[in-house]
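Asks: Provided below are the primary sequence and the corresponding predicted coordinates.
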Amino acid sequence: MDINFNKNEDHNKLLVSTMKQKLAKIKLGGGEKRIEKHHAKGKMTARERIDFLLDDKEKSIEIGAFAGDGMYKEHGGCPGGGVVVKMGYVSGKQCIVVANDATVKAGAWFPITGKKNLRAQEIAIENRLPIIYLVDSAGVFLPMQDEIFPDKEHFGRIFRNNAVMSSMGITQIAAVMGSCVAGGAYLPIMSDEALIVEKTGSIFLAGSYLVKAAIGESIDNETLGGATTHSEISGVTDYKAKDDKDALTRIQKIMDKIGDFDKAGYSHSKPAKPKQKQEEIYGILPKKRSDQYDMHEIIYRLVDNSEFEEYKEGYGQTIITGYARIDGWAVGIVANQRKIVKTKKGEMQFGGVIYSDSADKATRFIANCNQKKIPLVFLQDVTGFMVGSKSEHGGIIKDGAKMVNAVSNSVVPKFTIIIGNSYGAGNYAMCGKAYDPRLIAAWPSAELAVMGGTQAAKVLAQIETASMAKKGEKVDEEKEKEVFEKLKAKYDAQTSAYYAAARIWTDAIIDPLDTRKWISMGIEAANHAPIEKDFNMGVLQV
């Protein structure tokens, strides 16, 4: 291996190590002292509950672990968005598990908590997966109620989704293992089956203090809405459990009785590991974003037997398209090529840029995958579409629109992995979050923005210094540099993989070596949901 490989390897391994350290801190939720207080009440933490419930915690993926990262500092932060979401297996059935983390502000709902819960439900709806709610929440975080309560994508949407999923026949099970108050009290009764834990679980629209203030009635919380009340008097819950483990064991028994599902029928054969060493990805992916590398070498380390059947290999070479298998599942891969390539006409094309011929090829390939019922995997490292008079006169906007149209109307499940750059309209064409990938994950090396930090800072600095000059302020070379550096630092922070993950623009930041697991579990989930409509690109300028 050459010196650059070693430098790249050290750099990328450090990025992964940093990511895992951040994740370890997030997994502590509200911190060790609050975990101790939680245990003192006889309760398991959200993560302990999920680990106990799942057949094998290693055979799971976590959605939105970095949600809320660096946000709400004025309120003490909200690690993980105050809720843990995992896709895993319970009694052999693939499902989504959502557990409130009561060590974080008593499990109160911040705006990002709502967004993360809705994302969990979206995954369950798209893939027809059973969903299990482990409820332990104080309800809406009142200081921010205007940002979580009334809008379409806010708290109330959760219960609307409960009703929709019920009508679709998607199994929903709720276990009340702590507080379940106010609007949140509708969740258990809108689920198919509800459990409540003795002494620690409670459900009511208003607690004893509010009842006293509102109607003058004096009553304790246990009598008002405890396990005995709702299991024997109101009938709100279906099962009464003696403790957390008893409740979780009952859920496992319920899941064990669920019948099989109608399969979408995606091609699956015996899984095989890549022949090329996956660990070499760390050395192939360059430390410098401006350096070239061959995306084929990444693909060979992600696909079974390192076998890749390339489609239109010599045409539109800044996008790579082709067929492969990942953990046995057939996939169609659409990947950006970061090498500078030479066309048959002798023209040079910059790597990571989408040209007209690349967009045209990708559009045709996406259509082919839809016709053959093959799931799509997008590997993003894109700076955008080619600009300039030659591209504009050649119809780059029209060709780009064709690709965006194909991605938008694709009916097979899509999965997106952001490897490096994800800039501008390139993010859209390569199936960014707005284009409904079933799962979207980023490597620690990823950056998401309208454009790169340097380019954006240059544009913004020109605007700001021009404005300063108009006001009569002195703008010399040193001032220009100061403005540029300040803007670049701010923009760079906003382009990081962590900034995106905190806002759930991606579902996770993952170790590149976990990519196969994410795609495999994603396609297995998608196989629960048969395709219900034909691929149709509508009216399109061809």
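Replies: Received it, and whenever you're ready, just let me know what you need.

Asks: Residue 242: what's it in contact with?
Replies: Going by CB atoms under 8 Å, 6 or more residues apart in numbering, residue 242 touches 197-198. For glycine as for every other residue, the C-beta is placed from the backbone atoms N, C-alpha and C.

Asks: Compute the number of surrounding residues for residue 283.
Replies: 22 (other CB atoms under 10 Å).

Asks: which other helices and strands contact the lowest-mean-pLDDT helix or strand in the chain?
Replies: Sorting the helices and strands of the chain by mean pLDDT, DSSP states H and E puts helix 453-470 at the bottom, at a mean of 77. Here helix 453-470 touches helix 477-495, going by 3 or more CB pairs under 8 Å, 6 or more residues apart in numbering; DSSP states H and E.

Asks: If the closest residue in space to residue 56 that isn't next to it in sequence is in a bridge, with which residues?
Replies: Distances taken as CB to CB, 6 or more residues apart in numbering place residue 89 nearest to residue 56, at 6.9 Å, with adjacent residues excluded. Counting by DSSP bridges, residue 89 is bridged to residue 94.

Asks: what's the spacing between residue 89 and residue 54?
Replies: 6 Å (CB to CB, to the nearest Å).

Asks: Same drill for these two, tell me which one is more crowded.
Replies: Remark: of residue 89 and residue 54, residue 54 carries more neighbours, 21 against 17, as counted by other CB under 10 Å.

Asks: May I have the residues that are in contact with the more buried one?
Replies: By CB under 8 Å, 6+ apart, the neighbours of residue 54 are 60, 86, 88-90, 97.

Asks: And the helices in the stretch 151-300 of the chain?
Replies: All helices of the stretch 151-300 of the chain, identified by DSSP state H, counting those that start in this stretch, fall at 157-168, 186-190, 208-215, 221-225, 227-228, 244-256, 281-284, 295-300.

Asks: For the last one, what is the distance to the chain centroid?
Replies: Relative to the mean C-alpha coordinate of its chain, helix 295-300 is positioned 23 Å out (CA atoms, centre = their mean, to the nearest Å).

Asks: Can you give me the buried ones in that helix?
Replies: 295-296, 298-300 (16 or more other CB atoms under 10 Å).

Asks: CSV please, covering the residues you listed and showing pLDDT and distance to residue 179.
Replies: Shown next, in CSV, are the buried residues of helix 295-300 (pLDDT from 0 to 100; distance: CB to CB, whole Å):
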residue, pLDDT, distance to residue 179
295, 97, 49
296, 98, 53
298, 98, 46
299, 98, 48
300, 98, 51
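
Asks: End to end on stretch 330-344, go ahead and measure it.
Replies: 31 Å (CA to CA, to the nearest Å).

Asks: Might one say that residue 520 is in contact with residue 329?
Replies: Yes. The pair residue 520 / residue 329 is scored as a contact, 6.1 Å apart, by CB atoms under 8 Å.

Asks: More neighbours: the two, which one.
Replies: Neighbour comparison, residue 520 and residue 329: the larger count goes to residue 329, with 25 against 20 (by other CB under 10 Å).

Asks: Pop out the phi and psi values for that one.
Replies: phi -80, psi 130 (degrees, to the nearest 10).

Asks: secondary structure class for the closest residue to it other than its chain neighbours?
Replies: Leaving aside its chain neighbours, residue 329 sits nearest to residue 523 (4.4 Å; criterion: CB to CB, 6+ apart). At residue 523 the chain is in helix, as set by DSSP: H, G, I helix; E, B strand; the rest coil.

Asks: Provide a list of residues in contact with residue 523.
Replies: 266, 326, 329, 331, 375, 413, 415.

Asks: State the distance from it to residue 322.
Replies: In terms of CB to CB, residue 523 sits 17 Å off from residue 322.

Asks: How about residue 207?
Replies: 59 Å.

Asks: swap in residue 240?
Replies: Residue 240 is 55 Å from residue 322, by CB to CB.

Asks: ok, now residue 199?
Replies: Taking CB to CB, one finds residue 199 at 58 Å from residue 322.

Asks: the more surrounded of the two?
Replies: residue 322 (20 against 14).

Asks: The more buried one belongs to a helix, doesn't it?
Replies: No. Read with three-state DSSP, residue 322 is strand and lies in no helix.

Asks: Residue 40: how many residues sit nearby?
Replies: Neighbours of residue 40 (other CB under 10 Å): 8.

Asks: Which residue ranges make up each domain of the protein?
Replies: 31-256, 279-446+506-528, 453-495 (the TED database).

Asks: How far does the longest one stretch from one end to the other?
Replies: With CA to CA as the measure, the first residue of domain 31-256 is 34 Å from its last.

Asks: any idea of the mean pLDDT for it?
Replies: What domain 31-256 shows for mean pLDDT is 94.

Asks: Now do residue 69 against residue 222, distance only.
Replies: 37 Å.

Asks: what sits against residue 481?
Replies: Residue 481 neighbours (CB under 8 Å, 6+ apart): none.

Asks: hmm, I was thinking of residue 265
Replies: Neighbours of residue 265 in contact, by CB under 8 Å, 6+ apart: 373, 527, 530.

Asks: Kindly report the same for residue 254.
Replies: Residue 254 touches 173, 193, counting by CB under 8 Å, 6+ apart.

Asks: Begin at 35 from now on, thanks
Replies: Renumbered: residue one is now 35, and that last one reads residue 288.

Asks: quick revisit: neighbour count for residue 103 and residue 256, which is higher?
Replies: residue 103 (23 against 15).

Asks: Name the SS class of that one, please.
Replies: Following three-state DSSP, we place residue 103 in the coil state.

Asks: before we move on, what about residue 132?
Replies: strand.

Asks: what touches both of residue 123 and residue 88?
Replies: In contact with both residue 123 and residue 88: residue 94, using CB under 8 Å, 6+ apart.

Asks: any idea how far residue 121 is from the most centrally placed residue in the chain?
Replies: The centroid of the chain falls nearest to residue 541 when counting by CA atoms, centre = their mean (1.3 Å). Separation of residue 541 from residue 121 (CB to CB): 10 Å.

Asks: Now the common contact residues for those two.
Replies: By CB under 8 Å, 6+ apart, the residues touching both residue 541 and residue 121 are residue 97.

Asks: Confirm that residue 82 sits in a helix.
Replies: Yes. Assigned with three-state DSSP, residue 82 falls within a helix.

Asks: which SS class is the residue lying farthest from the centre of the chain?
Replies: Centroid-distance maximum for the chain: residue 506 at 47.5 Å, with CA atoms, centre = their mean. State at residue 506, reduced to three classes by three-state DSSP: coil.

Asks: ok, how many other residues are close to the residue nearest to residue 63 when sequence neighbours are not counted?
Replies: In space, and not counting its chain neighbours, residue 63 is closest to residue 137: 4.0 Å by CB to CB, 6+ apart. Burial of residue 137 is recorded as 26 neighbouring residues (other CB under 10 Å).
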